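# Show me how the following folds:
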Amino acid sequence: MAQVGVPKEGAINSPAPRLAVSVVLIRDSLNGLEVFVQHRASTMDFAAGVVAFPGGRVDDVDSLHGQFSLDLLEKHAAAWKHTHVSAEGSEACHSASRLIAAAVREVAEECDISLEPHSLTPWANWITPEGLPKRFDTYFFVCALAPGVEPRHVTTEASQSHWVHVRQLLEEEAAGLHRLLPPTLTILDELLEAGGAEHTHQKRRTIEAVQLLPENIEEFYRLRRAFRSLPDPKV
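As a prediction, the model looks like this:
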């Protein structure tokens with residue numbers, strides 16, 4: 001399914017999006033690919049009640065602890081070259097370092113595990129639609145966890161965290177049991193098409209910033225249901 005909408009800047013009374021990261025933790029199982037998700041607390045002031053991936057905003061501290069290899073930074077900088085953090089030379093590597101550091105930190109804080117930076121695969125960049133009181137320019141990574149590495153539910157920003165089969169989560173969303181935002185749904189669709197965890201690292205991607213216009217959000221859900229031949233949960 002084609003992604004809908006393109007970045008648009010300069011909207012009146014719309015806050016500038018803050019830099020953020022989200023990490024899609026995956027693993028293979030006997031019944032297919034699984035993903036680790038969080039059910040965000042209903043009291044949150046952003047994306048309350050939705051099922052999402054671990055993550056959060058990029059903080060100042062993420063500029064201080066990025067001791068990553070130049071090869072890794074250049075690889076990530078190249079992956080993000082069509083996004084808003086694109087730059088040249090050392091500036092591009094600095095942006096890549098901040099995103100990697102934030103991803104590792106957020107997963108440690110929310111899932112109580114330490115990720116190897118080289119296990120993070122740049123995957124997507126989505127920007128919150130204009131008109132909302134909080135907006136984020138979010139960089140998504142996919143990370144296949146090594147055997148024996150088990151994330152836990154330790155965050156206060158979610159009511160629960162757990163593994164779920166990608167296909168099961170999509171079916172439950174289609175049945176109206178969960179609410180997932182467009183970036184989450186799109187990434188889950190892509191993971192389902194990619195196959196097993198090992199294929200996510202092999203897949204070459206051109207990552208461009210995606211931003212839905214507010215009036216296109218309902219159309220996104222309608223088109224996706226039609227593309228996937230999914231039932232309308234409102235029916």
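
# Identify each buried residue in the lengthiest helix in the chain, please.
Taking DSSP state H as the criterion, the chain has its longest helix at helix 89-111. For helix 89-111, the neighbour count (16 or more other Cβ atoms under 10 Å) marks 92-107, 110-111 as buried. For every residue, glycine as well, the C-beta is placed using N, CA and C.

# In terms of secondary structure, what does the helix or strand just after it contact?
Counting by DSSP states H and E, the element after helix 89-111 in chain order, helix or strand, is strand 120-127. Packing partners of strand 120-127 (3 or more Cβ pairs under 8 Å, 6 or more residues apart in numbering; DSSP states H and E): helix 70-79, helix 89-111, strand 136-144, helix 182-194, helix 197-202, strand 209-210.

# which ones are touching residue 42?
48-49, 159 (Cβ atoms under 8 Å, 6 or more residues apart in numbering).

# wait, is it part of a strand?
No: Residue 42 is assigned coil when assessed by DSSP: H, G, I helix; E, B strand; the rest coil, not a strand.

# Output stretch 196-210 in PDB with nothing but the alpha carbons.
Output in PDB follows, covering the C-alpha atoms of stretch 196-210 (Å, rounded to 0.1, in the frame of the first residue of the first chain):
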ATOM      1  CA  GLY A 196      11.000 -13.600   9.200                       C
ATOM      2  CA  ALA A 197      13.200 -11.500  11.400                       C
ATOM      3  CA  GLU A 198      16.300 -12.200   9.400                       C
ATOM      4  CA  HIS A 199      14.800 -10.700   6.300                       C
ATOM      5  CA  THR A 200      14.300  -7.300   7.900                       C
ATOM      6  CA  HIS A 201      18.100  -6.700   7.900                       C
ATOM      7  CA  GLN A 202      18.400  -7.800   4.300                       C
ATOM      8  CA  LYS A 203      15.700  -5.600   3.000                       C
ATOM      9  CA  ARG A 204      16.900  -2.500   1.300                       C
ATOM     10  CA  ARG A 205      14.600   0.500   1.900                       C
ATOM     11  CA  THR A 206      14.400   4.100   0.800                       C
ATOM     12  CA  ILE A 207      13.200   6.000   3.800                       C
ATOM     13  CA  GLU A 208      11.300   9.200   3.300                       C
ATOM     14  CA  ALA A 209       9.400  11.400   5.800                       C
ATOM     15  CA  VAL A 210       5.700  10.600   5.800                       C
END
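
# Ranked by average pLDDT, which of the helices and strands packed on strand 120-127 falls at the bottom?
Ranked by mean pLDDT, the helices and strands packed on strand 120-127 bottom out at helix 197-202, with a mean of 78.

# Can you list the buried residues in the helix or strand bottoming out on mean pLDDT in the chain?
Lowest on mean pLDDT, DSSP states H and E among the helices and strands of the chain sits helix 197-202, with a mean of 78. By neighbour count with 16+ other Cβ under 10 Å, helix 197-202 contains the buried residues 197, 200.
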